[in-house]
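1. here is a sequence with its predicted model. Questions after.
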Amino acid sequence: MSEFEDFGGLTSTTGSVGGGSGVYAGDRGILFPEFNEWASQNNIIMKTSTDAKISKNGISETITMDIDFADGLWRPSSTILGNDYLPSYGDEHPTIEGCFLNDVSIKNYNGQPDHFRAKLDYKYPEKDSTKGGASGAGGGDNSLVSTPLDDPFLINFTPNISQELLKDDLDGNPIVNPNGEPYELYTSKVRLDGVCTWNQYDWDEEDVTEWTNIVNSDTWVVDEYKFNKNTILLHYVVGNVRFFTDEKGRRIKYYAMSASISFNPEGWNNGIVDENKVKQRRTGSFYGSLSGLAGEKFPKDNRGDVEYDLTIDGFLKSQDITKPTVENPEYDEFKLYTPKKFNFVDLSR
């Protein structure tokens with residue numbers, strides 16, 4: 001079988017350390033303890049040697065491991081290459097920080113079917129002079145390996161333009177003729193509707209109901225975006241399962257997220273008394289009675305849909321049916337959207 005009493009670890013090619021004529025009582029699995037344990041449990045002889053050099057990029061090292069099943073049986077080299085405990089491409093050197101496994105090769109040694117030689121080449125990432133950074137094998141530097149989780153948070157806005165009949169001018173005066181009839185004057189109102197996209201590891205489908213029809217109660221800042229409170233209406237958040245393959249060949253699940261929002265610089269919840277409510281000026285299309293009970297009202301006449309301010313009881317505030325009230329108008333308030341601090345975007349890496 002072998003003259004070694006222990007397996008694996010860092011030994012010399014002559015056996016002067018770890019076997020043969022030398023004596024070494026320490027842990028020979030210092031470099032790859034998990035692989036060493038696997039070799040010991042399966043009664044496999046493993047011997048390790050190293051060859052290091054230094055260049056402008058730093059230290060590089062080739063670690064050679066002889067793996068001998070010593071049973072005379074033939075098996076492919078992939079038997080070793082596919083071992084879960086064998087270091088794989090992109091792994092960091094066991095003792096040198098920033099030095100990564102750049103190449104792994106395994107072949108039969110001297111034509112022996114049960115004896116293999118594995119070479120592990122560790123290198124520092126080569127510097128890329130055109131980018132001022134580094135490239136090549138790696139795994140310890142996140143800047144070298146890009147995944148969908150590194151994609152930025154983005155919002156694709158679409159302007160939504162609507163026409164709105166003007167009731168008052170910029171001075172707050174009603175836009176009506178001497179008979180109290182409104183002019184047909186319209187203004188363009190622009191609203192920004194957007195779809196947010198980003199990627200994250202986890203997402204709970206129950207969040208669909210939690211993040212529906214709510215308004216940001218605080219200033220919302222995410223990546224390059226910043227919005228004042230009450231200006232973003234969140235319609236929904238949804239995630240779709242996706243997969244990518246990392247630098248070690250593992251299949252990683254993540255969620256491609258999207259959210260629908262609408263931006264209103266005037267605010268969605270803009271009530272005077274309660275920020276949780278939307279206020280609307282109290283108006284109606286009624287005329288005061290010229291005869292009969294005081295405060296009696298009648299529907300609009302054939303002059304058109306003329307709007308006048310009403311009292312909280314639904315009666316006309318104006319005593320002149322040809323002149324809508326402009327001073328101290330009253331408002332109705334409606335609670336439509338729940339304010340909530342936005343934290344539905346998870347950009348943690």
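-> Received, thanks.

2. now do the contacts for the residue nearest to Ile155 when sequence neighbours are not counted.
-> Leaving aside its sequence neighbours, Ile155 sits nearest to Gly194 (CB to CB, 6 or more residues apart in numbering; 4.6 Å). For glycine as for every other residue, the C-beta is placed from the backbone atoms N, C-alpha and C. Counting by CB atoms under 8 Å, 6 or more residues apart in numbering, Gly194 makes contact with Ile155, Asn156, Phe157, Thr158, Ser260, Ile261, Ser262, Phe263.

3. next one: Thr50
-> Here Thr50 is in contact with Leu10, Glu61, Thr62, Ile63, Thr64 (CB under 8 Å, 6+ apart).

4. tell me the bridge partners for the residue lying closest to the fourth one once chain neighbours are set aside.
-> The shortest distance from Ile63 to any residue other than its chain neighbours is 4.5 Å, reached at Leu120 (CB to CB, 6+ apart). On the basis of DSSP bridges, Leu120 is bridged to Ile63, Val104.

5. just to revisit the earlier point, I'd guess the residue nearest to Ile155 is in a helix, am I close?
-> No - counting by DSSP: H, G, I helix; E, B strand; the rest coil, Gly194 falls outside a helix, being strand.

6. hmm, back to that, columns secondary structure and pLDDT on top of the contacts of Gly194, output as JSON lines?
-> As requested, these are exported to JSON lines (DSSP: H, G, I helix; E, B strand; the rest coil; pLDDT from 0 to 100):
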{"residue": "Ile155", "secondary structure": "strand", "pLDDT": "95"}
{"residue": "Asn156", "secondary structure": "strand", "pLDDT": "94"}
{"residue": "Phe157", "secondary structure": "strand", "pLDDT": "93"}
{"residue": "Thr158", "secondary structure": "strand", "pLDDT": "92"}
{"residue": "Ser260", "secondary structure": "strand", "pLDDT": "96"}
{"residue": "Ile261", "secondary structure": "strand", "pLDDT": "96"}
{"residue": "Ser262", "secondary structure": "strand", "pLDDT": "95"}
{"residue": "Phe263", "secondary structure": "strand", "pLDDT": "94"}
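
7. could you dump the residues you listed to a markdown table with neighbour count and distance to Lys56?
-> Below are the contacts of Gly194 laid out as a markdown table (neighbours: other CB atoms under 10 Å; distance: CB to CB, whole Å):
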| residue | neighbour count | distance to Lys56 |
| --- | --- | --- |
| Ile155 | 18 | 44 |
| Asn156 | 10 | 45 |
| Phe157 | 13 | 48 |
| Thr158 | 9 | 52 |
| Ser260 | 15 | 52 |
| Ile261 | 22 | 50 |
| Ser262 | 17 | 55 |
| Phe263 | 17 | 52 |
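
8. re earlier: closest to Glu205 among the contacts of Thr50?
-> Ile63 (47.0 Å; CB to CB).

9. what's the spacing between the residue nearest to Ile63 and Thr64?
-> With distances taken as CB to CB, to the nearest Å, Leu120 is found 8 Å from Thr64.

10. partner strands of the host helix or strand of Tyr254, parallel or antiparallel?
-> For Tyr254, the host element (DSSP states H and E) is strand 251-263. Take DSSP bridges as the rule and strand 251-263 pairs in its sheet with strand 186-200 (antiparallel), strand 232-245 (antiparallel).

11. among these, which is nearest Pro94?
-> Nearest of the strands paired with strand 251-263 (CB to CB): strand 232-245, 24.7 Å.

12. ok, Ser217 - contacts?
-> Lys229, Asn230, Pro339, Lys340, Lys341.

13. out of those, who's the most crowded?
-> For the contacts of Ser217, neighbours were counted using other CB atoms under 10 Å, and Asn230 has the most, 21 neighbours in all.
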